[in-house]
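Asks: Sequence and predicted structure below; questions after.
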Amino acid sequence: MEEFTRLPDLASRLFGGGVVFANDEFFAAADHLVDPAAPVFAPQTFGQKGQVYDGWETRRRREPGHDVAIVRLGAPGVIHGVDVDTAFFTGNFPPYASVDGCAMDGYPDAAQLAEASWVPLVPRSPLAGDSQNLFAVDSRERFTHVRLTIYPDGGVARLRVHGEVVPDPRLLPGVIDVAAAEYGARVASCSNMFYGHPQNLINPGLARSMGDGWETSRRRDDGNDWVLVQLAAPAVVELAELDTSHFKGNAPGSATLRAIDARTGLLDDPDDWFELLPQIRLSPDTRHRFPTSVVPVATHVRLDIFPDGGMARLRLFGRPDAATLRARYEAVT
């Protein structure tokens, strides 16, 4: 897998992504492109228009041309790579595809997007059927929409647009969840992710199941598990939410939160860290909220769980440094 696939999918419905336009959806709706779930397939399952596919599928072209779908990114940002996933499309996948991006303020409709200035991200490139087709993107501009063009027709299961979230600071309230992926926070490292990726901790919304959280393997030593989150911007954290929803026989017994300002301290120097939340008992299947002490500004927060187990979500509410958010936005627009 390419390294960029570890980054959030900016187009995902999880972040609010959606299909603004598709010129043809005869066999299957383009909305499937942004479904966060992995595509599925049931052979010999026929509807009124043929075999049912979990993806976008257009009719067979009988004239020159190509088919197009435009996706609004739920989390605008800098795109590092694209996955044009043709899972289960074998004799009906497009032989070629290209991807373009544009940046527009507000909520443009299909007509306005047709007049937009589009930037090539992936040139017309060959695709393999029933495969993840991964393409690295070199542009370091911020985009709000992407356009998938398939040549000449066919089916694509998912369009994953991996990158760094860069929110418009003009659209953010004064207090936000500074650990939220949708505002630009990211998981920097963790001790273990045997059952569930720590990225789930900072995804939007409530966890849908135990599988939608971070879960470690069972420890057989005297250590404990942890995850390190780089905040969306330097901030003073005022409230912490540690959510163990759905984790019942495997919730951590307790947890701590520590923080650091990495602009002045060293991540590997224990003396530069300060306590955000002392070790506190956790209950299974519960959304815990704890006010934090008045502490310095933090750029990173480390969640330690004792000794192991699963967490659904981590929320850290605070006032981000507006100048940092603005500078980051202006650097890519």
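Replies: That came in fine, so what should we check first? Residues are numbered from 1 along each chain as shown.
Asks: Tell me which residues touch residue 174, please.
Replies: For residue 174, the contact set (C-beta atoms under 8 Å, 6 or more residues apart in numbering) comprises residue 319. (Each C-beta comes from the backbone N, C-alpha and C, glycine too.)
Asks: Spell out the secondary structure type for it.
Replies: Classification of residue 174 by DSSP: H, G, I helix; E, B strand; the rest coil places it in coil.
Asks: Against residue 147, how distant is it?
Replies: Computed as C-beta to C-beta, to the nearest Å, the residue 174 to residue 147 distance reads 35 Å.
Asks: ditto for residue 270
Replies: Taking C-beta to C-beta, one finds residue 270 at 49 Å from residue 147.
Asks: Tell me which of those two has more neighbours.
Replies: residue 147 (21 against 8; other C-beta atoms under 10 Å).
Asks: element containing the more buried one, please.
Replies: Secondary structure assignment for residue 147, by DSSP states H and E: strand 142-151.
Asks: And for residue 242?
Replies: Residue 242 is located in strand 225-243, with elements delineated by DSSP H and E.
Asks: What strands flank that strand, and is each parallel or antiparallel?
Replies: Strand 225-243 has the following strand partners under DSSP bridges: strand 186-190 (antiparallel), strand 287-291 (antiparallel), strand 298-306 (antiparallel), strand 313-320 (antiparallel).
Asks: Dump those to CSV, plus mean pLDDT, mean neighbour count and distance to residue 160.
Replies: Converted to CSV, those look like this (pLDDT from 0 to 100; neighbours: other C-beta atoms under 10 Å; distance: least, C-beta to C-beta, whole Å):
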stretch, mean pLDDT, mean neighbour count, distance to residue 160
strand 186-190, 96, 17, 17
strand 287-291, 95, 13, 29
strand 298-306, 98, 22, 27
strand 313-320, 97, 23, 22
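Asks: Outside of the helix or strand of the chain at the bottom of the mean pLDDT ranking itself, list whatever touches it.
Replies: In the chain, no helix or strand scores lower on mean pLDDT, DSSP states H and E than strand 50-51, which sits at a mean of 84. For strand 50-51, the surrounding residues in contact (C-beta under 8 Å, 6+ apart) are 27, 44-45.
Asks: nearest to residue 70, of those?
Replies: For these, the minimum distance to residue 70 (C-beta to C-beta) is 18.8 Å, reached by residue 27.
Asks: Enumerate every residue touching the nearest residue to the closest one once chain neighbours are set aside.
Replies: In space, not counting the residues next to it along the chain, residue 27 is nearest to residue 57; the distance is 3.8 Å by C-beta to C-beta, 6 or more residues apart in numbering. Counting by C-beta under 8 Å, 6+ apart, residue 57 touches 25-28, 89, 92, 154-156.
Asks: partners of residue 57 in the sheet?
Replies: With DSSP bridges as the rule, residue 57 is bridged to residue 28, residue 155.
Asks: any idea how far residue 63 is from it?
Replies: Distance of residue 57 to residue 63, given as C-beta to C-beta: 18 Å.
Asks: From residue 183, how far off is residue 260?
Replies: From residue 260 to residue 183 the distance is 19 Å (C-beta to C-beta).
Asks: Please enumerate the helices of the stretch 1-150 of the chain.
Replies: 110-114 (DSSP state H, counting those that start in this stretch).
Asks: Low-confidence regions, it specifically.
Replies: 1 (pLDDT under 70).
Asks: Show me where it has its strands.
Replies: 18-22, 46-47, 50-51, 56-57, 67-85, 96-102, 119-126, 132-136, 142-151 (DSSP state E, counting those that start in this stretch).
Asks: Can you say which of the ones you listed is nearest to residue 313?
Replies: Judging the strands of the stretch 1-150 of the chain by C-beta to C-beta, what sits closest to residue 313 is strand 67-85, at 16.7 Å.
Asks: Show me what that closest one pairs with in its sheet, parallel or antiparallel.
Replies: Sheet neighbours of strand 67-85, with direction, are listed as strand 18-22 (antiparallel), strand 132-136 (antiparallel), strand 142-151 (antiparallel), strand 158-165 (antiparallel) (DSSP bridges).
Asks: so of these, which one's packed in deepest?
Replies: strand 158-165 (a mean of 24; mean count of other C-beta atoms under 10 Å).
Asks: chain center to that strand: distance?
Replies: Taking the mean of its C-alpha atoms, strand 158-165 sits 7 Å from the chain's own mean (C-alpha atoms, centre = their mean, to the nearest Å).
Asks: hey, C-alpha coordinates of that strand in PDB?
Replies: Taking C-alpha atoms only, strand 158-165 is exported to PDB below (Å, rounded to 0.1, in the frame of the first residue of the first chain):
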ATOM      1  CA  ARG A 158     -15.200   3.600  -4.400                       C
ATOM      2  CA  LEU A 159     -13.300   6.800  -4.900                       C
ATOM      3  CA  ARG A 160     -10.900   7.500  -1.900                       C
ATOM      4  CA  VAL A 161      -9.200  10.900  -1.800                       C
ATOM      5  CA  HIS A 162      -6.500  10.700   0.800                       C
ATOM      6  CA  GLY A 163      -4.900  13.800   2.200                       C
ATOM      7  CA  GLU A 164      -4.400  16.400   4.900                       C
ATOM      8  CA  VAL A 165      -7.500  18.300   6.100                       C
END
